[in-house]
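Undergrad: generate coordinates for the sequence data below:
(2 chains)
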Amino acid sequence: MKSFQGRVIVPGTASAEALVSHGGFNTLASYQMALQFGDLKAMGKDTEVQCGDQNNPNIYKKPMMGKALCLPQTIGSTTGGMVLFTACALGKQPACMLFSKPIDSLAASGAILGDVWTDAVMPVVDSLGEEFLEYVQTGMTVTVRDGGVVEVA
Amino acid sequence: MKLNEEQQALLDGSRGEVMAKIMKTLVMYGDAFGAERMVPVTGKYGHTVISFGLGVMDPVYDLYDEILSAGILPEQKFTADPKPLDPKVPSGLLDDLVFKKLMYNRQERYEAQLRKLGITKDEDYTCACYLDQVGNIPRKGEILSWAESSAVVYANSVLGARCNRNSGILELMGSIAGCVPEFGLLTDEGRKADWIVEVKCEKKPEAQLLGSAIGMKVMEDVPYIRGLDRWLGRELNDSAKAYLKDFGAATASNGAVGLYHVENLTPEAVEQGESLIREGAQVYVIDDAELERVYRNYPVIWKKPDAKPQLAFIGCPHLSLQQLTDWAGAVLKGLEKNGRKKVAVPTVFTAPVQVIREFEKSIYAWPLRHSGVVLSSICPLMYMNNPLCKSKAVLTSSNKLRTYTSAKYCTDAEILEIITGGAK
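TA: Numbers count the residues shown, from 1 in each chain, chains lettered A, B, ... in the order given. All right, here's what the predicted structure looks like:
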């Protein structure tokens, strides 16, 4: 097990399976199809919110809901924060978002909108360092503790 | 963050709980970036990225209802991104059913909200709100609360205004509060370049391709670009501005660029020169081979990669009047060369309503319409944002559209050959 210290953007604790994106996470491209048509595709059953970003081979078509999303930063359209807020409002958000770099403005917007305006719980920690993203692998267990401590096992 | 008396009162609930939550959101946003204070929004108009009434986005419209019910309105009027629907754009019965019944079934609800919240005019739906014909043109140094990645990067880089890459919803909250947290691209330090990009191409680089390469390399950083003035000149004329519009959109969608400087061309680069470059800036050299490498690495996710194209979209971001005129001339010339009267692929040129209206007065308007090209103010991205389009072979010269949809990217020259029937 290895422990990393980051900065708390949205407080809270969580424990979940890691989903790792080594490239920038394009929020709109990742969520747009899953949020709109995910339920339809699954014939009304709740889905796992599969990533729809064909430009991100690390996580394309992988389920995002309830995962510990580990990423450098988010990229792309300025609808990104609104999309993340919607995912939170619909209860389809990741378990937590863990950034190796300082958080970007769109991810921060979405996380804060989700925190202030919805009941969703999605702790967000940034500045965990490059070593964090080098160490964590998809499928590992990630635990977010108070004060921005992230444990990876 | 240090708030002034008025801002603190808003946060404490002097104008009710909803306004307090808006201030809390803005304060938390600023805190995440170490902002020490709020600064007034000084631009005349806002711009919102949210232009669509998607059923799945009900939480957004519910939030806006909450704001309206509290009697809160923005301090400034605003323009909005393009609408997602236009009956002129080719679509089948099933498409129409999906668009109207499943996807954009909140469009009327949302447009009614925008009218209450203060959209400038009912026709002001475009991502290129800064074009002369639309008139939302901020002045240098003005502080904005905008969202729409391509508009923000244009306002910062070409106009010299100051705006962070705000998200949809947040931009409206800044317009409501009349202030935004001061950090990032609002500060002199945040506008310094982290990268030097040396453009060493032997031919004029395709704007959308060059922007894509730079965006993917520098991500959210600020690049200082050398060597582009060789191709664009040193005057911000219509041609240079159109190039930079498309270039910037690609940097913002393929990466997260909110500001770039072009040596000898963009306002801050002209004024401050290399003093804009941060110490220890990294260097990225781009030549023709690098652009070719970037282009060849784009995934093609058409179900049949060699399928016959069914539709072509040109104009994401929306075309300027000069671009629309140039494209019209090129298409008509290409059709004549290839002995055709109609385009070989259903083609849509997208531009603001006001630009199309102006274009309709030109000598190209009638022949272009009769060539089968459709002029629309739709958002191609919103049009393609559904599973039915995944099975369609759609071409585009927009790197933004390529990034977010299954559309296949072609250079301007390639797409012209295809739509005019010259390509085998």
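Undergrad: leaving out sequence neighbours, find the closest residue to residue 113.
TA: Unless you meant another one, I'm taking chain A. With C-beta to C-beta, 6 or more residues apart in numbering or on different chains as the criterion, residue A:113 has its nearest non-adjacent residue at 3.9 Å, and that residue is residue A:85. Using the backbone N, CA and C atoms, a C-beta is placed for each residue, glycine as well.
Undergrad: my question was about chain B
TA: For residue B:113, the spatially nearest residue (C-beta to C-beta, 6+ apart) is residue B:64, at 5.0 Å.
Undergrad: ok, and what's touching the host helix or strand of that neighbour?
TA: In this structure, residue B:64 is located in helix B:58-69 according to DSSP states H and E. Residues outside helix B:58-69 that contact it (C-beta atoms under 8 Å, 6 or more residues apart in numbering or on different chains) are A:82, A:85-86, A:89-90, A:117-118, B:18, B:22, B:50, B:53, B:106, B:109-110, B:113, B:116-117, B:168-169, B:172, B:176.
Undergrad: what's the first helix or strand after that helix?
TA: Trace forward from helix B:58-69 with DSSP H and E and the next one is strand B:78-80.
Undergrad: and that following strand, what other elements does it pack with?
TA: Contacts defined by 3 or more C-beta pairs under 8 Å, 6 or more residues apart in numbering or on different chains; DSSP states H and E place strand B:78-80 against strand B:46-48.
Undergrad: which strands and helices lie in contact with the strand it packs on?
TA: Using 3+ C-beta pairs under 8 Å, 6+ apart: strand B:46-48 touches strand B:78-80, helix B:170-177.
Undergrad: what's the angle from the helix holding residue B:64 to helix B:170-177?
TA: Relative orientation of helix B:58-69 versus helix B:170-177 (axes from the mean of the first three to the mean of the last three C-alpha atoms, to 10 degrees): 0 degrees.
Undergrad: what mean pLDDT does helix B:58-69 get?
TA: For helix B:58-69, mean pLDDT is 97.
Undergrad: same thing with stretch A:18-25?
TA: 95.
Undergrad: before we move on, the earlier item: buried stuff in the helix holding residue B:64?
TA: B:58-61, B:63-64, B:67 (16 or more other C-beta atoms under 10 Å in any protein chain shown).
Undergrad: rewinding a little: just the helices and strands packed on strand B:46-48: most buried one?
TA: helix B:170-177 (a mean of 27; mean count of other C-beta atoms under 10 Å in any protein chain shown).
Undergrad: residue ranges for the helices of chain A, please.
TA: A:27-41, A:80-89, A:105-117, A:130-135 (DSSP state H).
Undergrad: list the contacts of the third one.
TA: Applying C-beta under 8 Å, 6+ apart, the set of residues contacting helix A:105-117 from outside is A:9-10, A:25, A:27, A:73-74, A:76, A:78, A:80-85, A:87-89, A:93, A:97, A:99, A:103, A:120, A:122, A:124, B:21, B:24-25, B:28-29, B:32-33, B:63, B:164-167, B:169-170, B:184, B:256.
Undergrad: just the CA coordinates for that helix, please, in PDB.
TA: Taking C-alpha atoms only, helix A:105-117 is exported to PDB below (Å, rounded to 0.1, in the frame of the first residue of the first chain):
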ATOM      1  CA  SER A 105     -11.200  25.300 -13.900                       C
ATOM      2  CA  LEU A 106     -13.800  23.100 -15.500                       C
ATOM      3  CA  ALA A 107     -13.400  20.100 -13.200                       C
ATOM      4  CA  ALA A 108     -13.400  22.500 -10.200                       C
ATOM      5  CA  SER A 109     -16.600  24.100 -11.500                       C
ATOM      6  CA  GLY A 110     -18.300  20.700 -11.900                       C
ATOM      7  CA  ALA A 111     -17.100  19.400  -8.500                       C
ATOM      8  CA  ILE A 112     -18.200  22.600  -6.700                       C
ATOM      9  CA  LEU A 113     -21.500  22.800  -8.400                       C
ATOM     10  CA  GLY A 114     -22.100  19.200  -7.400                       C
ATOM     11  CA  ASP A 115     -21.200  19.900  -3.900                       C
ATOM     12  CA  VAL A 116     -23.100  23.100  -3.400                       C
ATOM     13  CA  TRP A 117     -26.300  22.400  -5.400                       C
END
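Undergrad: for the record, mean pLDDT for that helix?
TA: Per-residue scores along helix A:105-117 average to 96.
Undergrad: distance of the residue in chain A positioned nearest to chain B from residue B:91?
TA: Nearest residue of chain A to chain B, counting by C-beta to the nearest C-beta: residue A:81, 2.5 Å away. In this view, residue A:81 and residue B:91 are 30 Å apart by C-beta to C-beta, to the nearest Å.
Undergrad: who has more neighbours out of the two?
TA: Remark: of residue A:81 and residue B:91, residue A:81 carries more neighbours, 33 against 18, as counted by other C-beta atoms under 10 Å in any protein chain shown.
Undergrad: phi, psi of the closest residue in space to the more buried one that isn't next to it in sequence?
TA: Nearest non-adjacent residue to residue A:81, counting by C-beta to C-beta, 6+ apart: residue B:167, 2.5 Å away. Dihedral pair for residue B:167: phi -90, psi 160, per degrees, to the nearest 10.
Undergrad: surely residue B:167 touches residue A:79?
TA: Yes. If you go by C-beta atoms under 8 Å, residue B:167 and residue A:79 touch, sitting 7.3 Å apart.
Undergrad: overlap of the contact sets of those two?
TA: B:49, B:147.
Undergrad: what residues are up against the residue lying closest to residue B:11 once chain neighbours are set aside?
TA: Excluding its sequence neighbours, the residue lying closest to residue B:11 (C-beta to C-beta, 6+ apart) is residue B:23, at 4.2 Å. Each residue near residue B:23 by C-beta under 8 Å, 6+ apart is listed here: B:7, B:10-11, B:177.
Undergrad: what strand or helix carries residue B:23?
TA: Element membership for residue B:23, per DSSP H and E: helix B:17-32.
Undergrad: ok, residue B:289 next?
TA: Judged by DSSP H and E, residue B:289 forms part of helix B:288-296.
Undergrad: what helices or strands is the very next helix or strand once past that helix leaning on?
TA: Later in the chain than helix B:288-296, the nearest helix or strand by DSSP H and E is strand B:311-314. Packed against strand B:311-314 by the contact rule (3+ C-beta pairs under 8 Å, 6+ apart) you find strand B:347-350, helix B:380-384, strand B:394-396, helix B:412-419.
Undergrad: any chance of these in CSV, plus distance to chain A?
TA: As requested, the helices and strands packed on strand B:311-314 are exported to CSV (distance: least, C-beta to the nearest C-beta, whole Å):
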stretch, distance to chain A
strand B:347-350, 17
helix B:380-384, 8
strand B:394-396, 14
helix B:412-419, 20
